[in-house]
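Visitor: Quick one, fold the following:
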Amino acid sequence: MLDSTALSPPNGPVPVAAYMRMSTEMQQYSILNQTRAITGYANAHGMVVTRTYRDDGRSGLTIEHRPGLLALLRDIANGPPGYTAVLVLDVSRWGRFQNVDESAYYEFLCWKAGVRICYVAELFENDGTPFAMVVKGIKRAMAAEYSRELSAKVSAGQRTVAKLGYHLGAPSGYGFRRLLVSAGGMRKGLLAVGERKSIATDRVLLVPGPMEELRTVRWMFDQCLNGATCLQIARVLNQKGIPNSVGKAWTYQTVKKVLGNEKLAGVAVFGKQSKKLAGGTVHNPPSTWVRADTPFAPIVLPDTFARVQKIRLAQGQHMSNAEIVERVRRLYEREGRITGPLLDAEPGLLSSHVCARRFGTLPALYAKVGYVPRRNPRYGQVRAWITAWRESLTAFTAEFLAEAGSTVGRDGWKLTVDDAWTVSFTVINGHGRNPVRGWFNHRRSEDTDIVVFAKGMYDEEGLRDYLVLPRSLFPIWPSGFYGRNGPKVDSCTYPSLAILGDLARLSRMDSQLCG
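Guide: Got it, this is the predicted structure:
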């Protein structure tokens, strides 16, 4: 939809255009509110809106069904449109494109034609500086991600459904089946693996599965109480030819999952984890979980379930250093070598990360069992140096941002700031001497909105500088960095981590405005 008004008189206010969009998903961003915000911005900056483009009730996911934005781009492409800038409420009104490069591409077309995009309600100036580029990249990623997630209203509805004891989403698990019921509670039948409900008002209940599966579940708990490990239980089940819930052989992890399933004790839990479509799985704090009694009697007595959890917890927490060394020595005698993945896969042994923390480094543990890796011992020393710096940067940033007033959650190496953006650190060691030839990343970086590549040298005391790279601008992280890396990378280079404090300040201000 395109509305035109008369052009401003000569030597008067700067002529600009306005673009407004109202989606059915975000009714609070009404056209009226957008008009007021844009008009106020124009009046404060000596501008006059000479043309208005509107998309009423249009989703921001694609451009095909947005005639207002298409008309704007067409007018700009066909010649001087009669205005020098386009005023938009915020980054999300420009579009919630699933590929953030698409949003940047349409803005680039405007910029190339000499028309600037101004986001009037954002807390940054869209002036092409590195800071604006980083913030805008995050905003685009957030807009794309939020469009794919459930709205707050739907999320609240899911929690209400979970409190009523209905099953949401995940497969039923071993020992259970999914029963489809109508809104009135009428039983419609069991859902097969992979089947979903077809009527929105229908609900799914978990019900106990076949008797042979229930007997197997109780046997597994009995075996654990008698001292059997998850791997020993899996071996016996496989020897008996009993498949797991998806018809495959049992493993340490699948047995562990059954033994930790609270539904077996009559308690359904919803919201332990959440996953953004563009990010990894987030483990939510227990205070946010929804717990409800199952509509069936417990398959395993709650007291039995609690005793098994204590046994499993004790197996991982009360292992002395001497026991670790002895188990690693047996692993070495059996395999002829020791690696991090071998330590992680060894039943009953702590993870390689915990082992490294116990002994300082993995090479220190290897030395105690008489294992000498074939590779250069300096390699292990550099890895330990990288890990130490990575932990230091992650812990410092979490504390620094929390003291500034942000809400910071940590999941492994990933920090979530104000429930708005994520950041992680990758420490890269320089190669070569005077001058350093380059920094190369041989580890997989975290899948976060921002990855900070910290450049240093193993034999130097501190780090040199930081490359603060947003995922929206780098679909694939660079594998190496040099003295000159091109304008896109070099413009994201900072001497300190103060940039993260600036980003957190903006996300806090956004949260206050939205609240």
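
Visitor: pLDDT averaged over stretch 175-184 - what is it?
Guide: On average, the pLDDT along stretch 175-184 is 83.

Visitor: Let me know how buried P210 is, in neighbour terms.
Guide: By other CB atoms under 10 Å, the residues close to P210 number 10. (Each C-beta comes from the backbone N, C-alpha and C, glycine too.)

Visitor: Show the pLDDT at it.
Guide: pLDDT for P210: 90.

Visitor: Counting by contacts, list what the helix or strand containing T416 packs against.
Guide: Following DSSP states H and E, one finds T416 within strand 414-417. If contacts are counted by 3 or more CB pairs under 8 Å, 6 or more residues apart in numbering; DSSP states H and E, strand 414-417 sits against helix 377-403, strand 408-411, strand 421-431, helix 498-514.

Visitor: could I get the ones you listed as JSON lines with mean neighbour count and mean pLDDT?
Guide: Output for the helices and strands packed on strand 414-417, formatted as JSON lines (neighbours: other CB atoms under 10 Å; pLDDT from 0 to 100):
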{"stretch": "helix 377-403", "mean neighbour count": "16", "mean pLDDT": "84"}
{"stretch": "strand 408-411", "mean neighbour count": "16", "mean pLDDT": "87"}
{"stretch": "strand 421-431", "mean neighbour count": "22", "mean pLDDT": "89"}
{"stretch": "helix 498-514", "mean neighbour count": "16", "mean pLDDT": "75"}
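
Visitor: for those, which one sits closest to R215?
Guide: strand 408-411 (37.4 Å; CB to CB).

Visitor: check which helix or strand covers D344.
Guide: helix 340-345.

Visitor: picking up where we left off before, for R334, which of the helices and strands packed on strand 414-417 is the nearest?
Guide: Closest approach to R334 among those (CB to CB): helix 377-403, 22.1 Å.

Visitor: Output stretch 94-110 as CSV, nothing but the C-alphas.
Guide: Presented in CSV, the C-alpha positions along stretch 94-110 are these (Å, rounded to 0.1, in the frame of the first residue of the first chain):
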residue,chain,number,x,y,z
TRP,A,94,12.0,-3.8,8.4
GLY,A,95,11.7,-7.5,8.5
ARG,A,96,12.0,-10.8,10.4
PHE,A,97,13.7,-12.5,7.5
GLN,A,98,14.9,-16.0,8.4
ASN,A,99,18.1,-15.3,6.6
VAL,A,100,19.5,-12.2,8.1
ASP,A,101,21.5,-11.5,5.0
GLU,A,102,18.3,-10.9,3.2
SER,A,103,17.4,-8.0,5.5
ALA,A,104,20.9,-6.6,5.1
TYR,A,105,20.6,-6.9,1.3
TYR,A,106,17.4,-4.8,1.0
GLU,A,107,19.0,-2.1,3.2
PHE,A,108,22.1,-2.3,1.1
LEU,A,109,20.0,-1.6,-2.1
CYS,A,110,18.7,1.5,-0.5
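
Visitor: where does P347 land in three-state SS?
Guide: coil (DSSP: H, G, I helix; E, B strand; the rest coil).

Visitor: can you put the helices and strands packed on strand 414-417 in JSON lines and add distance to V181?
Guide: Formatted as JSON lines, the helices and strands packed on strand 414-417 follow (distance: least, CB to CB, whole Å):
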{"stretch": "helix 377-403", "distance to V181": "45"}
{"stretch": "strand 408-411", "distance to V181": "36"}
{"stretch": "strand 421-431", "distance to V181": "38"}
{"stretch": "helix 498-514", "distance to V181": "37"}
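
Visitor: Compare these and report which one is nearest to L365.
Guide: When those are compared by CB to CB, helix 377-403 sits nearest L365, at 10.6 Å.

Visitor: The closest one versus helix 498-514: what angle between them?
Guide: 40 degrees (axes from the mean of the first three to the mean of the last three CA atoms, to 10 degrees).

Visitor: Helix 377-403 - contacts with which helices or strands?
Guide: In terms of contacts (3+ CB pairs under 8 Å, 6+ apart), helix 377-403 is packed against helix 362-368, strand 408-411, strand 414-417, strand 421-431, strand 450-456, helix 498-514.

Visitor: switch to 10 Å and redo it
Guide: helix 352-359, helix 362-368, strand 408-411, strand 414-417, strand 421-431, strand 450-456, strand 463-470, helix 498-514 (3 or more CB pairs under 10 Å, 6 or more residues apart in numbering; DSSP states H and E).

Visitor: hang on, the earlier thing: which one, of the helices and strands packed on strand 414-417, ends up nearest to F481?
Guide: Proximity to F481 (CB to CB) singles out strand 421-431 among those, at 7.0 Å.

Visitor: just checking, next helix/strand downstream of the closest one?
Guide: Sequence-wise, the next helix or strand downstream of strand 421-431 (DSSP H and E) is strand 438-440.
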